[in-house]
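**Student:** What shape does this take:
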Amino acid sequence: MLTLEDFKKFNDKEEFLKILKEKKEEQQVKELLNTLEYELELKKLQAELVDLQQWVAKHKKRVCIVFEGRDAAGKGSTIRRFMEHLNPRSMRVVALTKPTDVEKGQWYFRRYIKEMPNPGEIVFFDRSWYNRAVVEPVMGFCNEKDYDKFMVQVPEFEHMLYEDGIILIKFWFSISKDEQVRRFNSRLQSPLKRWKFSPVDQEGQRRWDKYTFYKEQMFSKTHTTFSPWIIIKTNIKKEARLESIRYVLSRFKYENKGNSGTTLFPDPNIVQRYHRLVKQID
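**Tutor:** Residues are numbered from 1 along each chain as shown. Model (predicted):
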C-alpha cells in the first residue's frame, strides 16, 4: 500500500513511477501504474507531434489523416490526443454533418475537397467520404447506384490526391461487438457523454453483420499501394491512441525525430495494414 512517506519521496512523475513499480503486485497500484506510464508515454509522443507539425509547416507539406471505424471505436478521443498540443493555426479537425440539399445535388466528393489541407497544414477527418462506403448503405441513406459509383470513383479520387502531393493516412479503429456495447453503456451512464449516443448507434449493434459486410467490401476495393488502410486492432483505448500516433510519426523524416527518447515504431500486433487473411476483431 502507498504511504504518506512514499508521496514525500518524489518530486515528479518519473520518480513516482519508480515507487509504484516497487509495489506493482497490488491491484490498485497496477491500475495507477498503467495510467501513469500511459500519460508519460503520451507526453513524449505529443512532443514528437509538435516537431512533426513544425516540419510540415516549414516544408509546406499537406497531411490528411482519416479516422474511420464503427461507432464508439475511439476516433474522436484519439484525434483529441493528436491535436492537444499542436498549433491550431496549422491544423484542423473536420467532422462534417449530413449534406445539405444543395450538396446532395453536387459531386459527392466536392464538400470533402474543400476541406483538404493547405500547404503546411495537418487536417484530421473525424469520419470522411467513407460514410458512403459503410454507414450510408447499412442505414439506407444512399441507393445502390450511388454506392456503386462511389466505390468505383474513390480509388481514382485518392490517386489524384496522391499525385497532387497530399499525404493521406487512413485509419480504421477495430473493436469487438462486446466492447462496443460496453462503451455505449458507459456513454448512457455519464451525463457528460450521453450526447454521443444516438438511435443510429443502437441500430449499428443490430446491424453488426451488415456493417461487417460493407466494411470488408470497402477494404478490398479501396486498399491500394498509394492509399492503404491501416487497422488499429485493440479494445484498449489507450493502446489505440499511442500506437496510431506512433504510426503517423513513423511515416515521416522530420527534424529532431526521436529526441523524446521513446520508440516511434508501432506495435505490429496492434497496427496492421489491411490484408484479406488477417483476422480482425470487428
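
**Student:** Any idea which helix or strand in this protein has the lowest mean pLDDT?
**Tutor:** helix 4-9 (a mean of 59; mean pLDDT, DSSP states H and E).

**Student:** Can you give me the neighbour number for the residue lying closest to residue 83 once chain neighbours are set aside?
**Tutor:** Using Cβ to Cβ, 6 or more residues apart in numbering and skipping the chain neighbours, the partner closest in space to residue 83 is residue 91 (6.0 Å). The C-beta positions use only the backbone N, C-alpha and C, and glycine is treated the same way. If you count neighbours by other Cβ atoms under 10 Å, residue 91 ends up with 21.

**Student:** Now do the same contact list for residue 91.
**Tutor:** 53, 83, 121-124 (Cβ atoms under 8 Å, 6 or more residues apart in numbering).

**Student:** So which of those residues are in helices?
**Tutor:** Using DSSP state H, the members of the contacts of residue 91 that fall within helices are 53, 83.

**Student:** between the contacts of residue 91, which is nearest residue 75?
**Tutor:** residue 124 (9.4 Å; Cβ to Cβ).

**Student:** Does that closest one touch residue 93 like I think?
**Tutor:** Yes. Counting by Cβ atoms under 8 Å, residue 124 touches residue 93, with 4.8 Å between them.

**Student:** shared neighbours of the two, anything?
**Tutor:** 79, 83.

**Student:** between the two, which one's more packed in?
**Tutor:** Shown here are residue 124 and residue 93; by other Cβ under 10 Å, residue 124 has more neighbours (25 against 16).

**Student:** So the more buried one versus residue 81, what's the distance?
**Tutor:** Counting by Cβ to Cβ, to the nearest Å, the gap from residue 124 to residue 81 is 11 Å.

**Student:** Not counting sequence-adjacent ones, nearest residue to residue 229?
**Tutor:** residue 274 (4.0 Å).

**Student:** on that earlier part again, who does the residue nearest to residue 83 bridge with?
**Tutor:** residue 122 (DSSP bridges).

**Student:** do the same with residue 69
**Tutor:** Here residue 69, judged by DSSP bridges, has bridge partners residue 173.

**Student:** Spell out which helix or strand contains residue 145, please.
**Tutor:** helix 144-163 (DSSP states H and E).

**Student:** Look up phi and psi at the closest residue to residue 261 other than its chain neighbours.
**Tutor:** Distances taken as Cβ to Cβ, 6+ apart place residue 44 nearest to residue 261, at 6.7 Å, with adjacent residues excluded. Backbone torsions for residue 44, taken as degrees, to the nearest 10, come to phi -70, psi -40.

**Student:** looking at it, residue 44 is touching residue 258, isn't it?
**Tutor:** No. The criterion here is Cβ under 8 Å, and residue 44 misses it with residue 258 at 10.2 Å.

**Student:** quick one: which of the two has more around it?
**Tutor:** Neighbour comparison, residue 44 and residue 258: the larger count goes to residue 44, with 18 against 12 (by other Cβ under 10 Å).

**Student:** Cool, thanks, talk later.
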